[in-house]
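Student: Got a sequence here, can you build the structure:
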Amino acid sequence: MKRWVGCCGSGSACPGCGRLALAEPATTRLPRDHGHLAQLASSYAYLRQFTPQVLEAITFSGGAAAAELLAAVAVLRSLNATGARSVPATAPTGFVPARWRGYLDDATTTGDTTAYRRYWELCVLLCLRDALRSGDVFVPGSRRYANPIAYLIPQDAWAGEREEFCRLSDIPAEPATALTLVETELATAISELDGVLAGGRGRCASTRTATWSLPRCRRKTSPPRSPSWATN
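Tutor: Got it, this is the predicted structure:
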């Protein structure tokens, strides 16, 4: 390797030594998120200026899917209230995505409780943000982050509106019949797609990596604007 890059082995003053440093394989493992969480950790002190007050002022709720995340939020509230710096060993971590779990594992391996607290808290905040966006977590009384059930027809009103709704939507009122109809439509669509792919027709094509690609749809032309006198 040294002979290939022209290194004399004398040190950094040799141009070949610099090329050798670039040619040697990296020994550090690249995080699964390509360092995204580590970059956010640089703003940890800034986030700490307001996130404790936000968590204290707002009440979060959710279903069974968000139970562990909400438990982690409760632990973080307790840490903020007591001023404790270390995350308890019993603190939930199952909500942490796989792409961020390596940060917690590395901090645990090295015994760095400060880094563990920083990354664990960031995971709680980021996962809470994503859960609010998806509706898994909601804020009682909020209009933007309301309970998704509030957008559904109330159960007591559904019995009287069910027949009219199904008539207007042109779907069967019986759940089993509606499910069978959807399964039949899906099977028909898949069969038609298989025929298109097998015959090489249509705009869908297979790539060398055995994945399917669809070309970008053409932009639809906008209708001509009405003359100015038509809007007066």
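
Student: okay, CA-based contacts and neighbour counts for the rest of this
Tutor: Fine.

Student: in which helix or strand would I find residue 124?
Tutor: helix 113-134 (DSSP states H and E).

Student: got the CA coordinates for that helix in CSV?
Tutor: Backbone C-alpha positions of helix 113-134 (Å, rounded to 0.1, in the frame of the first residue of the first chain) are rendered in CSV as follows:
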residue,chain,number,x,y,z
THR,A,113,-24.2,8.8,31.2
THR,A,114,-24.0,12.4,29.9
ALA,A,115,-24.1,11.3,26.3
TYR,A,116,-26.8,8.7,27.1
ARG,A,117,-29.0,11.4,28.6
ARG,A,118,-28.5,13.7,25.7
TYR,A,119,-29.3,11.1,23.0
TRP,A,120,-32.2,9.6,25.0
GLU,A,121,-33.8,12.9,25.5
LEU,A,122,-33.4,13.8,21.8
CYS,A,123,-35.0,10.5,20.9
VAL,A,124,-38.0,11.3,23.2
LEU,A,125,-38.5,14.7,21.7
LEU,A,126,-38.1,13.6,18.1
CYS,A,127,-40.3,10.6,18.4
LEU,A,128,-42.9,12.8,20.2
ARG,A,129,-42.8,15.2,17.3
ASP,A,130,-43.3,12.3,14.8
ALA,A,131,-46.1,10.8,16.8
LEU,A,132,-48.0,14.1,16.9
ARG,A,133,-47.7,14.4,13.1
SER,A,134,-49.0,10.8,12.6
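
Student: average pLDDT across that helix?
Tutor: Across helix 113-134, the average pLDDT comes to 96.

Student: List the buried residues of that helix.
Tutor: For helix 113-134, a neighbour-count test (16 or more other Cα atoms under 10 Å) marks 115-125, 127-128, 131-132 as buried.

Student: Pull the contacting residues for the closest residue in space to residue 87 that isn't next to it in sequence.
Tutor: Excluding the flanking residues, the one nearest residue 87 by Cα to Cα, 6 or more residues apart in numbering is residue 117, at 5.8 Å. Residues near residue 117 by Cα atoms under 8 Å, 6 or more residues apart in numbering: 85-87.

Student: Which members of those are classed as buried?
Tutor: Buried members of the contacts of residue 117, scored by 16+ other Cα under 10 Å, are residue 87.

Student: Could you dump the contacts of residue 117 into JSON lines and include distance to residue 143 and pLDDT?
Tutor: Listed next are those as JSON lines, based on distance: Cα to Cα, whole Å; pLDDT from 0 to 100:
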{"residue": "85", "distance to residue 143": "35", "pLDDT": "92"}
{"residue": "86", "distance to residue 143": "35", "pLDDT": "95"}
{"residue": "87", "distance to residue 143": "33", "pLDDT": "96"}
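
Student: Strands of the chain, start to end?
Tutor: 61-62, 137-138, 205-206, 212-213 (DSSP state E).

Student: Just the buried residues of the longest helix along the chain, please?
Tutor: Determined from DSSP state H, the single longest helix within the chain is helix 175-199. Within helix 175-199, no residue is scored as buried using 16+ other Cα under 10 Å.

Student: same question for that helix, mean pLDDT?
Tutor: Mean predicted confidence for helix 175-199 is 86.

Student: Confidence-wise, which of the strands of the chain is weakest overall?
Tutor: That would be strand 205-206, which, of all these, carries the lowest mean pLDDT at a mean of 58.
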